[in-house]
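S.K.: Pasting the sequence and the predicted model now:
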Amino acid sequence: IVRPFREIPGLWKNGAANLYNFWKLDGFKNLHRIMLQNFNTFGPIYREKIGYYESVNIINPEDAAIVFRAEGHYPKRLQVEAWTAYRDYRNRKYGVLLKNGEDWRSNRVILNKEVISPKVLENFVPLLDEVGQDFVARVHKKIQRSGQNKWTTDLSQELFKYALESVSSVLYGDRLGLMLDYIDPEAQHFIDCITVMFKTTSPMLYIPPGLLRQIGAKVWRDHVEAWDGIFNQADRCITNIYRRLREETGAQKKYPGVLASLLMLDKLSIEDIKASVTELMAGGVDTTSITLLWTLYELARHPNLQEELRAEVATARAESQGDMLEMLKRIPLVKGALKETLRLHPVAVSLQRYIAEDIIIQNYHIPAGTLVQLGLYAMGRDPKVFFRPEQYQPSRWLRTEMHYFRSLGFGFGPRQCLGRRIAEAEMQLFLIHMLENFRVEKQRNVEVQSTFELILLPEKPIILTLKPL
Ligand code: HEM
Ligand code: 2DC
């Protein structure tokens, strides 16, 4: 017999009191650990209300399957109200990230063809490969200059630049020049704005941004300033391409980039294109760079595994004879490493859907319209879902039965990450070039945990040493 919704365990009766406790636990930074602890206390399903934000939380792949089957024609995730509030405040259009319903679907279908369909990969790979090569050349130079035949550093700023250069090259078909010694201060400002934007978002998940705006709170003001910086920089890039496109006559042979393709296709309004391209540019920096940083950290901790990956890359290189698209088909262990990184260090602490129909999970009835969250971080560390979850083991992903609603780092279904193909190609090419050129090492006995700043980030700098092979 199915049990009613109100019997789901958890703390959901007093949102204000829960918010107070959450704040006392420094919950803004510890969301992922608090979720893990809640699953330990309440079991595989619990209900929760923090402030005005109410949800049902699940952890099992089988339950995730039920939720995604009930996501309906217009899948909707948790609205990040700080982000919509900014756009409303400044009178800017929502892009695909923030749209919902038919408006979302019609935009997403067109964007899919230019951004995530398998056929665009052949356009992206040469551009991304070049950025990867430039990154390696830059590291070689740093090593030379050090005079010690190695380079010990916190790579995060370098990786932010790599990620922005990569996503820009694909969006605009052109280089920003961020792998050079002197970079455009506006590009650096863009990178800093994204960090601030994420950081200032997390408190506003629980305290309505409208309220914070009325009382003139610093977190809201900083948030607005950060988005202003992001939109201004994206506007500059977009205007450049738009102008160039109108000046150019005759057919270009070279792939012109996502933005120019969308403009020439003429199926979305310019305002819609601008909104989504800005989101793609902003979404493409911290996500891939942090995932790459965690991957290098894990490879530094597992030198034997690092050699195994290097051997796979060497074989793939020999067999594909310079054809990078071919090469990307021959590196299953490198791909497994990226999946393993996202399992232990996911960018998104959870996936969420407002379910479109009633469902039954763990024998509880859940009515249509409920916000259901899959605890991605908690699932990745659950021994009932992953054998020896504490071990970083890329080879576990070589078994296909492993994939049943377990590889969800980019989300699922029609609402999954739009940047997924770009992110995957960019990260795979990065690892290929790094493994071919350097050995990665780290100081012994340094464990780094995650901290929540809307996305999960390393709680302290990760210091790595790169040595030429
Ligand atoms: C959405 C993860 C990189 C742009 C998402 C979602 C996740 C995610 C979990 C929500 C999916 C869902 O609800 O099912 C990641 C990870 C990345 C990454 C782990 C890299 C390691 C990127 C990049 C871009 C990007 C490089 C841009 C080029 C977006 C956009 C959405 C999204 C626009 C919203 C899509 C929509 O609502 O239709 N991402 N992402 N992401 N991501 Fe990413
Ligand atoms: C954060 O409880 C925790 O990919 C909240 O590239 C629920 C939640 C909702 C939406 C998630 C967000 C979390 C984490 C960051 C995500 C976001 C959807 C898209 C965004 C996962 C899990 C991200 C990083 C995008 C951001 C693009 C933006 C900067 C233009």
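M.R.: Yep, that arrived. Ligands and ions are numbered 1, 2, ... in the order given.
S.K.: and stretch 244-252, what's its mean pLDDT?
M.R.: For stretch 244-252, mean pLDDT rounds to 79.
S.K.: before we move on, what about stretch 197-216?
M.R.: Mean pLDDT, stretch 197-216: 92.
S.K.: just stretch 341-350 next, same as before
M.R.: Mean pLDDT, stretch 341-350: 98.
S.K.: Work out for me the element the nearest residue to residue 412 once chain neighbours are set aside sits within.
M.R.: In space, and not counting its chain neighbours, residue 412 is closest to residue 68: 5.1 Å by Cβ to Cβ, 6 or more residues apart in numbering. C-beta: built from backbone N, CA, C; applies to glycine. Assigned by DSSP states H and E, residue 68 belongs to helix 61-69.
S.K.: same deal with residue 374?
M.R.: Assigned by DSSP H and E, residue 374 falls in strand 371-375.
S.K.: Give me the packing partners of that strand, helices and strands only.
M.R.: helix 27-42, strand 53-58, helix 61-69, strand 350-354 (3 or more Cβ pairs under 8 Å, 6 or more residues apart in numbering; DSSP states H and E).
S.K.: if we can go back for a sec, by contact count, what packs against the helix holding residue 68?
M.R.: Under the contact criterion of 3+ Cβ pairs under 8 Å, 6+ apart, helix 61-69 touches strand 350-354, strand 359-361, strand 371-375.
S.K.: Please save the CA atoms from the first one in CSV.
M.R.: By that I understand strand 350-354. Only the C-alpha atoms of strand 350-354 are listed here, as CSV (Å, rounded to 0.1, in the frame of the first residue of the first chain):
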residue,chain,number,x,y,z
SER,A,350,22.0,18.1,-7.5
LEU,A,351,19.7,17.7,-10.6
GLN,A,352,16.1,18.9,-10.2
ARG,A,353,12.8,18.6,-12.0
TYR,A,354,9.3,19.8,-11.3
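S.K.: Which strands or helices does that strand pack on?
M.R.: Secondary elements touching strand 350-354 (3+ Cβ pairs under 8 Å, 6+ apart): helix 61-69, strand 371-375, helix 376-380.
S.K.: Can you give me the neighbour number for the residue in the stretch 151-300 of the chain positioned nearest to ligand 2?
M.R.: Of all residues in the stretch 151-300 of the chain, residue 283 sits closest to ligand 2, at 2.9 Å by Cβ to the nearest ligand atom. Residue 283 has 19 neighbours, counted by other Cβ atoms under 10 Å.
S.K.: which ones are touching it?
M.R.: Going by Cβ atoms under 8 Å, 6 or more residues apart in numbering, residue 283 touches 97, 418, 419.
S.K.: Just the pLDDT at it, thanks.
M.R.: Predicted confidence (pLDDT) for residue 283: 98.
S.K.: Let the chain start at 38 from now.
M.R.: From this message on, residue numbering opens at 38, which makes the last subject residue 320.
S.K.: For the chain, which residues are neighbours of ligand 2?
M.R.: The chain has residues 114-115, 117, 134, 242, 316, 319-320, 324, 384-387, 389, 454, 491-492 near ligand 2, with proximity defined as Cβ under 6 Å from any ligand atom.
S.K.: if you set the cut-off to 5 Å instead, what comes out?
M.R.: For the chain, the residues in contact with ligand 2 (Cβ under 5 Å from any ligand atom) are 115, 316, 319, 320, 385.
S.K.: The second one against residue 134, yeah?
M.R.: Yes. Contact criterion Cβ atoms under 8 Å: residue 316 and residue 134 qualify, at 4.6 Å.
S.K.: still on that earlier bit, identify, from the contacts of residue 320, the entry nearest to residue 376.
M.R.: In terms of Cβ to Cβ, no member of the contacts of residue 320 lies closer to residue 376 than residue 456, at 16.5 Å.
S.K.: picking that back up, among the residues of the chain next to ligand 2, name the buried ones.
M.R.: Buried residues within these, counting neighbours by 16 or more other Cβ atoms under 10 Å: 316, 319, 320, 385.
S.K.: all helices for the stretch 38-187 of the chain, in order.
M.R.: Secondary structure of the stretch 38-187 of the chain (DSSP state H, counting those that start in this stretch): helices located at 52-61, 64-79, 98-106, 118-127, 138-152, 158-183.
S.K.: Is the closest residue to residue 382 other than its chain neighbours in a helix, a strand, or coil?
M.R.: With sequence-adjacent residues excluded and distances taken as Cβ to Cβ, 6+ apart, residue 382 is closest to residue 331, at 4.2 Å. Assigned with DSSP: H, G, I helix; E, B strand; the rest coil, residue 331 falls in the helix class.
S.K.: In contact with residue 331, which residues are there?
M.R.: Residues in contact with residue 331 (Cβ under 8 Å, 6+ apart) are 378, 381, 382, 495, 499.
S.K.: next one: residue 117
M.R.: Neighbouring residues of residue 117 by Cβ under 8 Å, 6+ apart: 135, 238, 242, 491.
S.K.: what does residue 286 give?
M.R.: By Cβ under 8 Å, 6+ apart, the contact list for residue 286 is empty.
S.K.: can you tell me how far it sits from residue 259?
M.R.: Using Cβ to Cβ, to the nearest Å, residue 286 is found at 45 Å from residue 259.
S.K.: returning to what we had before: would you mind finding the most buried of the helices and strands packed on strand 387-391?
M.R.: Neighbour counts (mean count of other Cβ atoms under 10 Å) averaged over each of these peak at helix 413-417, with a mean of 25.
S.K.: thinking again about what came up before, least reliable of the helices of the stretch 38-187 of the chain going by mean pLDDT?
M.R.: Mean pLDDT is lowest for helix 52-61 among the helices of the stretch 38-187 of the chain, at a mean of 75.
S.K.: buried sites along that one?
M.R.: By 16+ other Cβ under 10 Å, the buried positions in helix 52-61 come out as 52, 55, 56, 59.
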